[in-house]
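Undergrad: What follows is a predicted structure for the sequence shown.
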Amino acid sequence: MSDATVRSPCRLSAPGVVCSLGDDPRHLIAALREGRRGLTTSDTFTPGRRLPLGRVTVPLPADEAWPAAHRSRNNRLLARALERLGPSLEAVLARHPRERIGVVLGSSTSGIGETEQALAVAGRDGPLPEDFQYARQELGAPARFVAERLGLTGPVHVLSTACSSSAQALASARRLLLAGECDAVIAGGADSLCRLTVNGFASLEAVSDAPSLPFSANRAGINLGEAAALFLVTREPGGIQLLGAGESSDAYHVSAPRPDGSGARAAMAAALDQAGCAPEAVDYLNLHGTGTGHNDAMEARAVSELFATPPACSSTKALTGHTLGAAGALEAAFCWLALHHGFLPRHVHDGVDDPELPRLPLVNTPEGAPRVALSNSFAFGGNNVSLLLARDAPEDGP
């Protein structure tokens, strides 16, 4: 690892997470180790078609007393993730001026679900309900909610690059710290399930009617999910460090990945280069692994070309569903837990490898103690992000 990396620490706190696997770190770790899915089957968003979905079922904070513009499921997810940051958040708020703390989030839905409910009441031609708040669905709404809830006046923004949104948010947080614009950043993302999202992916014929099977010969598409995942990102040594964030934009197609994997490979290589880390130093790779034919094929090619001997790999989307704008931060959180607690998240599919794909060492046992992890997030429009995390010194965590 380079001298520049040592001089520029970027520490990730223990994450605050809520997803279909729960919100207690102990439950998350057990599910990741065992390969336990958190999917429920429902036709709530697709009447007449029952789909496996990664729906959050743990209780969320009530929003009746919040300002009307903040009342959304997305923000309730974020509020729960903030609660899960616990004493670490309190310490950051006590240590740094509010104008030196930023909020950078990723989202692709914001409060669209609440707009759907309002339109259902109004009908095609009727007026919207008097309590309708357009501001809830603005993409900047989640970051404004967090900043106002905590009284923060530093940089506040949301990035929306589809499935790489919250990975982009972590990369942006790192830049704010290293540029000296902030002393700490609350970074991550949130997305909630709604009719627009579920039916949109269904119209692309990207959704599977059965639990997804990433990298299987029988893979048939994604399962969708919802989640919020947050980190406190600070300029402190030790703990789990965000050493590199590689970004690329291949702009191959509005929704399909570049088949040769060159954009994905460029993002992974850029993360390694920024960290001054050789490919062989990576112990674990959290694959984007959506379970679609094109995405898995592209990613397998990219990984096999970059790594002479690929590291242990798994796609945790088989467990949580694809949480879209929250996925990058959620999977970085899973990498954090794997690094801090010394295990490998299990890969779940039907055991039928695709002979058309380069063979990857998919994790079938949690045994291992990774020190360096790479997490991939690849999105519509060729927006690719890879995050490199490394375990440095021990720190207190869940």
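TA: Alright, I've got the coordinates. In this text, all values refer to a predicted model and were calculated from it rather than measured experimentally. Numbers count the residues shown, from 1 in each chain.
Undergrad: Now stretch 252-265 - C-alpha only, PDB.
TA: Extracted in PDB, the C-alpha atoms of stretch 252-265 (Å, rounded to 0.1, in the frame of the first residue of the first chain):
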ATOM      1  CA  TYR A 252     -22.400   1.400 -23.600                       C
ATOM      2  CA  HIS A 253     -26.200   1.100 -23.300                       C
ATOM      3  CA  VAL A 254     -29.000   2.700 -21.300                       C
ATOM      4  CA  SER A 255     -29.600  -0.500 -19.300                       C
ATOM      5  CA  ALA A 256     -27.300  -3.300 -20.500                       C
ATOM      6  CA  PRO A 257     -23.700  -3.700 -19.400                       C
ATOM      7  CA  ARG A 258     -20.800  -3.700 -21.900                       C
ATOM      8  CA  PRO A 259     -20.500  -7.400 -22.700                       C
ATOM      9  CA  ASP A 260     -16.700  -7.500 -22.600                       C
ATOM     10  CA  GLY A 261     -16.600  -6.200 -19.000                       C
ATOM     11  CA  SER A 262     -14.100  -3.500 -19.800                       C
ATOM     12  CA  GLY A 263     -16.000  -0.800 -17.900                       C
ATOM     13  CA  ALA A 264     -16.300  -3.100 -14.800                       C
ATOM     14  CA  ARG A 265     -12.600  -4.100 -15.100                       C
END
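Undergrad: So for that stretch, what gets flagged as buried?
TA: Within stretch 252-265, the residues that count as buried by 16 or more other CB atoms under 10 Å are 252, 257-258, 261-265. Using the backbone N, CA and C atoms, a C-beta is placed for each residue, glycine as well.
Undergrad: So which of those residues are in helices?
TA: The members of the buried residues of stretch 252-265 that map onto helices under DSSP state H are 262-265.
Undergrad: Where do the strands of this protein begin and end?
TA: Using DSSP state E, the strands of the chain run over 11-12, 16-18, 40-42, 51-54, 101-106, 156-159, 184-191, 224-225, 227-234, 240-249, 284-286, 312-314, 372-379, 383-391.
Undergrad: these two touch, right, Cys19 and Glu331?
TA: No. Look at Cys19 against Glu331 with CB atoms under 8 Å: they stay out of range, at 10.3 Å.
Undergrad: so where's this protein shaky on pLDDT?
TA: Scanning the chain for pLDDT under 70 picks out the ranges 1-7, 393-398.
Undergrad: Return the list of helices and strands in contact with the longest helix that it contains.
TA: Across the chain, the helix with the greatest residue count (assigned by DSSP H) is helix 73-95. Packing partners of helix 73-95 (3 or more CB pairs under 8 Å, 6 or more residues apart in numbering; DSSP states H and E): strand 16-18, strand 101-106, helix 112-122, helix 141-150, strand 184-191, strand 227-234.
Undergrad: so, if you compare the ones in helices among the buried residues of stretch 252-265, which one comes nearest to Ala300?
TA: Ala264 (10.0 Å; CB to CB).
Undergrad: Name the nearest residue to the closest one, sequence neighbours excluded.
TA: In this structure, Ala264 finds its nearest non-sequential neighbour in Ala302, 4.0 Å apart by CB to CB, 6 or more residues apart in numbering.
Undergrad: mind checking how far that neighbour is from Pro61?
TA: Distance from Ala302 to Pro61, counting by CB to CB, to the nearest Å: 40 Å.
Undergrad: More neighbours: which of the two?
TA: Ala302 (28 against 14; other CB atoms under 10 Å).
Undergrad: I figured the more buried one was touching Arg258, is that so?
TA: No. Using CB under 8 Å, Ala302 is not in contact with Arg258; the gap is 9.3 Å.
Undergrad: Can you check which residues contact both of the two?
TA: Contact criterion CB atoms under 8 Å, 6 or more residues apart in numbering; residues shared by Ala302 and Arg258: Ala264.
Undergrad: List the residues that contact Leu159.
TA: 104-106, 165-166, 168-169, 172.
Undergrad: tell me, how many neighbours does Gly200 end up with?
TA: 13.
Undergrad: Can you give me the neighbour number for Ser8?
TA: Ser8 has 14 neighbours, counted by other CB under 10 Å.
Undergrad: Can you verify my assumption that it contacts Arg175?
TA: No. In this structure, Ser8 is not within contact of Arg175 by CB under 8 Å, at 10.8 Å.
Undergrad: and for those two, which residues touch both?
TA: Contact criterion CB under 8 Å, 6+ apart; no residue bridges Ser8 and Arg175 by contacting each.
Undergrad: Name the nearest of the ones in helices among the buried residues of stretch 252-265 relative to Ala373.
TA: Looking at those and their distance to Ala373, the nearest is Ala264, at 16.6 Å (CB to CB).
Undergrad: measure that closest one to His294 for me?
TA: Taking CB to CB, one finds Ala264 at 12 Å from His294.
Undergrad: which residues are common contacts for these two?
TA: Common contacts of Ala264 and His294 (CB under 8 Å, 6+ apart): Pro257.
Undergrad: What is the burial count for Pro142?
TA: Around Pro142 there are 31 other residues, counting by other CB under 10 Å.
Undergrad: Correct me if wrong: it contacts Ile112.
TA: No. Pro142 lies out of contact with Ile112 (CB under 8 Å); the separation is 11.8 Å.
Undergrad: Relative to Arg174, how far out is the spatially closest residue to Leu77 that is not a sequence neighbour?
TA: Counting by CB to CB, 6+ apart, Ala228 is the residue found nearest to Leu77 once chain neighbours are left out, at 3.8 Å. The gap separating Ala228 from Arg174 is 20 Å, by CB to CB.
Undergrad: Give me the more crowded residue out of those two.
TA: When neighbours are counted by other CB under 10 Å, Ala228 and Arg174 differ, and Ala228 comes out ahead with 34 against 24.
Undergrad: residue contacts, that one?
TA: Residues near Ala228 by CB under 8 Å, 6+ apart: 16-19, 74, 77-78, 80-81, 188-190, 326.
Undergrad: before we move on, back to that, nearest to Phe45 among the buried residues of stretch 252-265?
TA: For the buried residues of stretch 252-265, the nearest to Phe45 is Pro257 (25.0 Å; CB to CB).
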